[in-house]
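Student: this is a predicted model, with the sequence first.
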Amino acid sequence: MTSALAPQKPEPPNRPTDSAEGRPPTAGLGDIGRGYLDQVRAGELGALPAVAGLVVLCVFFALLRPVFLSNLNFANLLTQSAGSIAIAMGLVFVLLLGEIDLSAGYASGVCAAVLAILLTNHGWPWYAAVAAAVLTGAVIGLLIGTLVAKVGIPSFVVTLAAFLGFQGIVLILLKEGTNISIKDPTILAIANDNLSPALGWVLLACCAAGYTALQLRRSRDRRGRGLAGTPAALLAVRTGTVVVLGGVAVYLLNQERSRNIVIGSLTGVPLVVPVIGALVLLGTFTLQRTGFGLHIYAVGGSAEAARRAGINVAFIRTAAFVICSCLAAVGGIIAASRGNSVDPNTGGSNVLLLAVGSAVIGGTSLFGGRGRVVDAVLGGLVVAVIQNGMGLMGYSSGVKYAVTGSVLLVAAGVDAMSRRRTARR
């Protein structure tokens, strides 16, 4: 018989439940809406400015130039932005640490030159040439990351020196200006071929199913931690939005967009779209579902606190630069595919501007610790819409650069103000 004087186990704290089984309650749509508004007031804007800007820009250019909404122009938007989006996704990893990589543009040019030389001049198979190009990017990132993390040179100085040096390396590889054509059909297909219309619908169905499964798993995980689950209505709204927007996009891209069908038909989702989608999934999983990704956010939030917590800060920094340069290599491969060749301007001109602008405009903070891979996609689409829309309106390249730079400055200003507001709260 248990004595009344025996120590008793403390009762677990009471928690509101939604059933007799003790499950945590499901938050209502109103509660979620109010919580989101509270986050916005606190300065946690996330991708809201990028999404709002994208909608406003699309409406603006559609009203002034109805051809902007044509399926041909829509496909051009996706293909012309793919290369800079790939580079921007790599820059997200570096920006999350509060660092910068000014060499990513010309690093993509070096990797594209390696690809073209091995394919055209040495007859390598496409998969070996692609592997060599990505490996070149990894070596570049390892060198930059070591100088930053181990030697202690500021990333701005290291990558500025690399920016200048890689221009010379591209010229050396291309023999002071030689244009190397790419004839490999697999490489050319990346940015120039399209999925069949049926395969486009299959891809949409897989994306919708995967997104739904991810949302359900996330809600289940929250319940497992004793938090409120996501209401079914909100899950339906999110999934429905993905299906509707994706369905409209696939429908438009499946329509004939060839100017002369006698020469050839042009239908289907561009092949580069699932390539970028796969990179987004891989990058998002790395940042949000792995210990490595959590360590990146921790180092970006406070490197000293991360070091005291036992995180190898030097390794995290070096790895981030390696990932950035590898994705720059992918961007260079996409650019080489789209241009059917590699020349000294590959990776130069406005490539770095567009890539950095894509990451920052999409919502990744320049101060570190806040951002997602999908931000690069949203920001890349904003930049592409500006470039494309102003081109349709007949503006010069100078005006395009000025407007894009102004949008980047506004995005950085919004980021700085939101951080100050968050700190005050």
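Tutor: Alright, I've got the coordinates. Numbering: from 1, shown residues only.
Student: can you report phi and psi for Val342?
Tutor: phi -130, psi 130 (degrees, to the nearest 10).
Student: number of residues surrounding it?
Tutor: Counted with other C-beta atoms under 10 Å, the neighbours of Val342 add up to 30. No exception for glycine: its C-beta is placed from N, CA and C like everyone else's.
Student: ok, and the closest non-adjacent residue to it?
Tutor: Leaving aside its chain neighbours, Val342 sits nearest to Ala116 (4.0 Å; criterion: C-beta to C-beta, 6 or more residues apart in numbering).
Student: poorly predicted segments of the stretch 301-425 of the chain, please.
Tutor: For the stretch 301-425 of the chain, applying pLDDT under 70 flags the ranges 419, 422-425.
Student: ok, Arg225 to His295 distance?
Tutor: Look at Arg225 and His295: by C-beta to C-beta, to the nearest Å, they are 21 Å apart.
Student: of those two, who's got more company?
Tutor: Counted by other C-beta under 10 Å, Arg225 and His295 do not tie: His295 has more neighbours, with 20 against 8.
Student: picking up where we left off before, ok, then the element right after the one helix or strand the residue nearest to Val342 maps to?
Tutor: Element membership for Ala116 (DSSP states H and E) is helix 104-116. Using DSSP H and E, the helix or strand that follows helix 104-116 in sequence is helix 126-146.
Student: what comes up buried for that following helix?
Tutor: 126, 129-130, 132-134, 136-138, 140-141, 143-146 (16 or more other C-beta atoms under 10 Å).
Student: what's the helix or strand just after that helix in contact with?
Tutor: Going down the chain from helix 126-146, the next helix or strand is helix 155-173, by DSSP H and E. With C-beta atoms under 8 Å, 6 or more residues apart in numbering as the test, helix 155-173 has contacts from 94, 99-107, 109-110, 113-114, 117, 140, 144, 147-148, 177, 344, 346-348, 352.
Student: ok, and the closest non-adjacent residue to the spatially most central residue of the chain?
Tutor: Residue closest to the mean C-alpha point of the chain, counted by C-alpha atoms, centre = their mean, is Ala376 at 3.2 Å. Leaving aside its sequence neighbours, Ala376 sits nearest to Ala88 (C-beta to C-beta, 6+ apart; 3.7 Å).
Student: my guess is that neighbour contacts Ala355. True?
Tutor: Yes - Ala88 is within contact range of Ala355, at 4.5 Å (criterion: C-beta atoms under 8 Å).
Student: so between those two, which is more surrounded?
Tutor: Shown here are Ala88 and Ala355; by other C-beta under 10 Å, Ala88 has more neighbours (33 against 30).
Student: what sits against that one?
Tutor: Here Ala88 is in contact with 354-356, 358-359, 362, 376, 379-380 (C-beta under 8 Å, 6+ apart).
Student: okay, it: pLDDT?
Tutor: At Ala88, the model reports a pLDDT of 94.
Student: go on, Arg220?
Tutor: In this model, Arg220 is scored at 82, pLDDT.
Student: and what of Arg15?
Tutor: Arg15 is assigned 44 on the pLDDT scale.
Student: next: Leu195.
Tutor: The score at Leu195 is 90. That number is its pLDDT.
Student: can you check the one 3 residues further on too?
Tutor: With respect to pLDDT, Ala198 has a value of 92.
Student: nearest residue to Gln215 in space, please, no chain neighbours.
Tutor: Nearest residue to Gln215 in three dimensions, chain neighbours excluded: Leu235, at 5.3 Å (C-beta to C-beta, 6+ apart).
Student: which residues does the one you found contact?
Tutor: For Leu235, the contact set (C-beta under 8 Å, 6+ apart) comprises 212, 215-216, 219.
Student: got the residues you listed as TSV, with secondary structure and distance to Val280 columns?
Tutor: Converted to TSV, those look like this (DSSP: H, G, I helix; E, B strand; the rest coil; distance: C-beta to C-beta, whole Å):
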residue	secondary structure	distance to Val280
Thr212	helix	17
Gln215	helix	16
Leu216	helix	20
Ser219	helix	21
